[in-house]
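>>> Dropping the sequence and predicted coords here.
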Amino acid sequence: MRRGRLALLAVAAALAAGCQEETSPAPLSCTGEPDTILAALDGAPGEVRLTDGATLSGCVRLARTDADLQNVGVTFSNAAEDLEVDALRGDEQAALRLGYLVGAARKGAETSSGVGAELVRRLERSAALDGATSPDAAAALQRGLEAGEARG
């Protein structure tokens, strides 16, 4: 009887292991140079896709390992910091692109079980702009956030 239970448990464990969902790594375009992200953001507030077709939200959603998340985080954070500098000077297009990046990261982190929350927090810090920008750039940032959350 005991042998039968062990066999049943072994079969159940094998079936459970076979049913586990495989995790996909973040696409390589998500972890490359920040210039890749910045170039893709030229399409904001419309559709933004990386060179391999990945979306920015997909980069965050698919970054399931610590290493993937760190790599995506470095790339996204560097891009956000570049945009922040220009947005603080009142560059509306930079503010729009920064907002889109943050909105897309928020969208990707919604389904990441909290894994992407720290990345989003860091990006939001860049997007705070602390009132040190023009009202037009602040409005562009908000438009970008909305577009990124909707289409990111």
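Here it is on my side, so go on.
>>> which stretches of the protein have low pLDDT?
Applying pLDDT under 70 to the chain picks out residues 1-24, 113, 130-132.
>>> Do you have the helices of it handy? List them.
For the chain, the helices defined by DSSP state H cover 2-18, 34-40, 56-62, 66-88, 92-109, 117-127, 135-151.
>>> With distance to Pro27 and mean neighbour count added, can I get the ones you listed in a markdown table?
Heads up, the C-betas are built off the backbone N, CA and C, glycines and all. Converted to a markdown table, the helices of the chain look like this (distance: least, C-beta to C-beta, whole Å; neighbours: other C-beta atoms under 10 Å):
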| stretch | distance to Pro27 | mean neighbour count |
| --- | --- | --- |
| helix 2-18 | 26 | 9 |
| helix 34-40 | 11 | 18 |
| helix 56-62 | 7 | 25 |
| helix 66-88 | 10 | 19 |
| helix 92-109 | 12 | 27 |
| helix 117-127 | 16 | 18 |
| helix 135-151 | 18 | 19 |
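>>> Leu50 is nearest to which of those?
helix 34-40 (5.1 Å; C-beta to C-beta).
>>> CA-only coordinates of the closest one in PDB, if you can.
Extracted C-alpha coordinates of helix 34-40, given in PDB (Å, rounded to 0.1, in the frame of the first residue of the first chain):
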ATOM      1  CA  PRO A  34      19.600  53.300 -23.300                       C
ATOM      2  CA  ASP A  35      19.800  54.800 -26.800                       C
ATOM      3  CA  THR A  36      17.700  51.900 -28.000                       C
ATOM      4  CA  ILE A  37      14.900  52.800 -25.500                       C
ATOM      5  CA  LEU A  38      15.300  56.500 -26.400                       C
ATOM      6  CA  ALA A  39      15.000  55.900 -30.100                       C
ATOM      7  CA  ALA A  40      11.900  53.800 -29.600                       C
END
